[in-house]
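1. The following block contains a protein sequence and its predicted model.
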Amino acid sequence: MTDPVRKPRRRGMSARWKLTLSYAGVVVVSGIGLLAAVALYLLRYVPDVAIIADRFVPNRSDLIRAFVPVAIVMMLVLLAIGLGGGWLIAGRMLAPLDRIGKAAQLAAQGSLSHRVALEGPRDEFRDLADVFDSMLEQLEAHIAEQQRFAANASHELRTPLAISQTMLEVARNDPDRDVDALIDRLHEVNARAIELTEALLMLSRAERRTFTREPIDLSLLTEESAETLLPLAERRGVAIDVGGDTANVLGSPALLQQLITNLVHNAIVHNLAEGGTVTVRTHVLPEAVALVVENTGEVLPAHRVATLAEPFQRGAERTRGDDHVGVGLGLAIVQRIAQAHDGSLVLTARESGGLNVTVWLPHPFPRPLA
C-alpha cells in the first residue's frame, strides 16, 4: 500500500512579519492602556456640567472631544512606530537564523565546507550556530571517510576479481596448464574475496548499531578467542597470556567476540618471528571496563600508529604466502564495534616494540568513587 501523495502546504506568514505584528501589537495595546488610565483616573474628577466662571473652563465632554482626535493620531503614530521598529528589530534578531538557513541550504546541495561562523557574544543563536557548524564538520569528515572507504573497498574487491580473470585467461591460452595448481590458487583468491566481503558486512553492521544489548563477560570472550587462535599462535611461536578481572558489559556477544578475536589475531600476526608474546587483560574501573591487548614486535613510529585504525591500513608488510594476510579492516572493525558500544579505542606504541591496544567500554552499573 502506497502512501497518499501529500499536497504542498500553503506558505504562511513569515516569522519576521509575525514578530513585527507582535511588537506593534504590544506598543498599541500599551498606548491604549496608558490613554485609558488617563481617561479613567483623571477625567472622572472633571464634572460633566457647565462650569460657571470668569473665563471658559472645559468640562468632561469638552475634554473628551478635544482628547479623542489627538489620541487617535497618537495611536496611529504608535502603530507606525511599532510596525517600523518591529520590522527592524525582528530583522536584526532573525539575521542569525537566516545565516544558518543559508548554510543549511548549501549543505543540502552538497556543500559541507561552508560555516555559519556567527560573531558576537554567546547567546541562544550563537550556541545554535556553533552546534550547526560542529555538525557540518562531523558530516564533512564522515562523508570524506566514507568516500575514502568506498574507494579503498572498490579497489580491494576489484583486486581478487582481476587476479581470477587474469589466471583464467592465462590458463585458457596455456595448453600445458596445471589444473590442480590453478584450482588451488583460485580457491585462495576466492577465499580472500569472501573474507573481505564478510569484513565489510561486519563493519557495516557495527556502524548501523543493529544489535540487541545483553550482559556479557569480556573475560570469558577473551578466553574463547585465545583458545580459538591458539593453533595459529603455536605455529608462529607466539605465547598467549590471558587474565584479568571479571568484566561485565552490555553489548552484542557476537560483535564483542569479533572485536577481541581481531585484536588477538592482529597481535599474533604482527609479532616477532620467534619468541613473541601476546598479553590479554580485562580491568574493571568505577566508570568503565578496559580490555588491554599487548604484543611484542617491531618498534612502531607514532605517525604509523595513528593510521592503524583506518580502513585498509596494514600494520606491516606480509609475504605473498602468508595465510593470514588479512584485508586491512581488523582494527577498523574494532574501532567501529567499540564506538557502537559507546566506547573508544586507544593505540599506543610500546617503547620496546609492539603495540598496546586498549578498548574502553562503559560500565553497565557505574560505581561511585570511594
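-> Right, received. Where do you want to start?
2. okay but Leu361 is in contact with Ala288, surely?
-> Yes - using Cβ atoms under 8 Å, Leu361 and Ala288 qualify as a contacting pair, with a distance of 6.6 Å. Just so you know, the C-beta spots here come from the backbone N, C-alpha and C atoms, and that holds for glycine as well.
3. Give me the common contacts of those two.
-> Gly343 (Cβ atoms under 8 Å, 6 or more residues apart in numbering).
4. Of those two, give the one with the bigger neighbour count.
-> Between Leu361 and Ala288, counted using other Cβ atoms under 10 Å, Leu361 has the larger neighbour count: 22 against 16.
5. could you measure the residue lying closest to that one once chain neighbours are set aside against Pro96, distance?
-> Counting by Cβ to Cβ, 6 or more residues apart in numbering, Gly343 is the residue found nearest to Leu361 once chain neighbours are left out, at 4.0 Å. Here the distance between Gly343 and Pro96 works out to 36 Å (Cβ to Cβ, to the nearest Å).
6. Ile216 looks like it's in a strand, true?
-> Yes - read with DSSP: H, G, I helix; E, B strand; the rest coil, Ile216 is one of the residues of a strand.
7. you'd agree it is up against Leu259?
-> No - Ile216 sits out of contact with Leu259 when judged by Cβ under 8 Å, with a separation of 11.3 Å.
8. Of those two, which one has the most company?
-> Set Ile216 next to Leu259 and count neighbours by other Cβ under 10 Å: Leu259 wins out with 31 against 20.
9. where does the more buried one sit relative to Met75, distance-wise?
-> Remark: distance between Leu259 and Met75 (Cβ to Cβ) = 73 Å.
10. Ok, Ser113 next?
-> When Cβ to Cβ is the yardstick, Ser113 and Met75 sit 52 Å from each other.
11. quick one, which of the two is more surrounded?
-> For the pair Ser113 and Met75, the greater number of neighbours falls to Met75 (15 against 9), based on other Cβ under 10 Å.
12. helices or strands up against the helix or strand where the more buried one lies?
-> Remark: Met75 resides in helix 60-108, with elements defined by DSSP states H and E. Under the contact criterion of 3 or more Cβ pairs under 8 Å, 6 or more residues apart in numbering; DSSP states H and E, helix 60-108 touches helix 15-41, helix 124-173.
13. average pLDDT for that helix?
-> The average pLDDT for helix 60-108 rounds to 83.
14. And stretch 252-268, by the same measure?
-> Mean pLDDT, stretch 252-268: 88.
15. Pull out the buried residues from that stretch.
-> In terms of neighbour count (16 or more other Cβ atoms under 10 Å), stretch 252-268 has its buried residues at 252-253, 255-268.
16. CA-only coordinates of it, as CSV, when you get a sec.
-> Backbone C-alpha positions of stretch 252-268 (Å, rounded to 0.1, in the frame of the first residue of the first chain) are rendered in CSV as follows:
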residue,chain,number,x,y,z
SER,A,252,26.4,-7.8,21.4
PRO,A,253,28.2,-11.1,22.2
ALA,A,254,28.9,-11.7,18.5
LEU,A,255,30.4,-8.2,17.9
LEU,A,256,32.4,-8.2,21.0
GLN,A,257,33.7,-11.6,20.3
GLN,A,258,34.7,-10.3,16.8
LEU,A,259,36.4,-7.3,18.4
ILE,A,260,38.5,-9.5,20.7
THR,A,261,39.3,-12.0,18.0
ASN,A,262,40.5,-9.3,15.7
LEU,A,263,42.8,-7.8,18.4
VAL,A,264,44.3,-11.1,19.4
HIS,A,265,44.7,-12.1,15.8
ASN,A,266,46.5,-8.9,14.9
ALA,A,267,48.7,-9.2,18.0
ILE,A,268,49.7,-12.7,16.9
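17. low-confidence ranges in the stretch 101-250 of the chain?
-> Applying pLDDT under 70 to the stretch 101-250 of the chain flags residues 145, 148-157, 159, 192, 195-196, 199-200, 202-210.
18. Thanks a lot, see you next time.
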